[in-house]
Every structure is written in structure tokens, then in C-alpha cells.
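Peer 1: Need a 3D model of the following:
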Amino acid sequence: MKILVVEDEQDLRETIRTSLLKEKFVVETAADFFSALDKINDYDYDCILLDIMLPGGSGLDLLRELKKLHRSDCVLIISAKDSLDDKVDGLELGADDYLTKPFHLAELNARVKSLIRRRQAKGDVTATIGNLVLYPEKRQVEVDGQPLTLNRKEFDLLYYFVVNPNRVINKMSLAESVWGDNIDQADSLDFIYSQVKNLRRKLKQIGATVELKAVYGFGYKLSEV
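Peer 2: Now for the predicted structure:
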């Protein structure tokens, strides 16, 4: 699951990022309005942590952009501005929750997980396609009730496919979903190829009624057989 942290205070941004990485999230960050705008225009996120006061613009304007794009990303506002008007404005623009600084990281993590649970299938904590059931929070997968053993990257890839069924996804988008801001640290495209190959083999061996298909020149898609 992928999180975007939009926060201009470097120490806090890195503290939040480190905490979320420990919870096994893929985390990207943005320190100002325009870098955040670029990211939300280019990528989808499971949850966006959004400060209101940003260099170059307002977090409320980013909320307006998300609304204009008809996006379903969860948004948790994190801001030192704790007036009622700010909270109301943020919630009316589509934010899902509001957390006032300073806050405990444990509470932040709990709220992020709660928002993602609510988002998944309108509150359903599983994602299903064919005879495959994926449990995002527990990071478990079952096929006809049988556990499917995956490594962390295989699980992240499968989750991305399951929430985007029958959609052709290019390799770079897959790499972004797995590595986030750390994409340059790995020979990512070759690694994606090998992980997809392993994932396809495991799905076939366990009798899944879904198939990972290569779409020549574009990428891959997951669909029911």
C-alpha cells in the first residue's frame, strides 16, 4: 500500500516516513505545493497525509485538485492550524480525517490504517478477484481457502494488480508501486520482470482462476481466466 506524505518540515516528514516504512507501507514524500501537485497528477495513492501550510501554495488547493480529478485517495490532514474553519474547509473539500500537530506516531499510524480499511471495497477489509482473496492489512493471500506464500515484493505487486483488475499496467508504474521514492536504488524493471514471472508461476501452481498476462509493448494485466 502506497502513502504520500506532504509536509514541508523536514524532520517531521522524515519521522513520519520512517514510522510508516516500519508498518510495511511504500512511502513517497513531497516538501512543497508544486512537487505534491506533480505527484498527485501522476500517481494514485492509498492515503495522502497533507499539511495545509506549504511553500508555494495551500494544501486545501491540493484537495481541490483531487476533487477535480475525481480521485478516491484517502486524505488525512496533518496541520498545526487547529481552528474549526480549517477543519470544516478541509472536510468539505473531501478530506477524510484531520489530525492536529503535535501528535503521537501511534495515533497517526492507527488513523492511516483505519482510513485505508474504510476505503477498500467500501469498508471490506479484503480484496477479491476470482477465487483469490487478498487481506491487505495482514498481508496474506488465499486461493480457495489455501494460503499462497509470497515474498514482500510479490505481495505488493499482486495487491496493485488486484485493485486494478483488467487494467494494463506498465512496468514503470509497477516499479513505482513497489519502491516509491526508492525506485532508483534497484535495477527495477528487470526485477519486476522476474517477480511477475514468479508470481504468475505461483498463481498457476495453486490453481488460481486469475492470470497475469503480458501485453506486448505495454506491460501486464490481471484478469480472470
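Peer 1: I169: what's its closest spatial neighbour, skipping adjacent residues?
Peer 2: Nearest residue to I169, sequence neighbours excluded (C-beta to C-beta, 6 or more residues apart in numbering): G219, at 5.0 Å. The C-beta positions use only the backbone N, C-alpha and C, and glycine is treated the same way.
Peer 1: Run a quick neighbour tally on the one you found.
Peer 2: Neighbourhood size, G219 [other C-beta atoms under 10 Å]: 18.
Peer 1: Also Y159?
Peer 2: 22.
Peer 1: Can you name the element that comes right after the one helix or strand in the chain whose mean pLDDT sits lowest?
Peer 2: The weakest-scoring helix or strand in the chain, judged by mean pLDDT, DSSP states H and E, is helix 171-179 (a mean of 75). Per DSSP states H and E, helix 171-179 leads on to helix 188-206 as the next helix or strand towards the C-terminus.
Peer 1: what packs against that next one?
Peer 2: On a contact count with 3 or more C-beta pairs under 8 Å, 6 or more residues apart in numbering; DSSP states H and E, helix 188-206 meets helix 152-162, helix 171-179, strand 210-215.
Peer 1: Could you dump those into JSON lines with distance to P55 added?
Peer 2: As requested, those are exported to JSON lines (distance: least, C-beta to C-beta, whole Å):
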{"stretch": "helix 152-162", "distance to P55": "31"}
{"stretch": "helix 171-179", "distance to P55": "24"}
{"stretch": "strand 210-215", "distance to P55": "40"}
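Peer 1: who wins for proximity to H70 among those?
Peer 2: helix 171-179 (19.0 Å; C-beta to C-beta).
Peer 1: quick one: that closest one to helix 188-206, angle?
Peer 2: Orientation check (axes from the mean of the first three to the mean of the last three C-alpha atoms, to 10 degrees): helix 171-179 against helix 188-206 gives 80 degrees.
Peer 1: Begin at 7, not 1, for the rest of this chat.
Peer 2: Shifting the count to begin at 7 puts that one at helix 177-185.
Peer 1: on contacts alone, who are the packing partners of helix 177-185?
Peer 2: Judged by 3+ C-beta pairs under 8 Å, 6+ apart, helix 177-185 is in contact with strand 32-36, helix 158-168, helix 194-212, strand 225-230.
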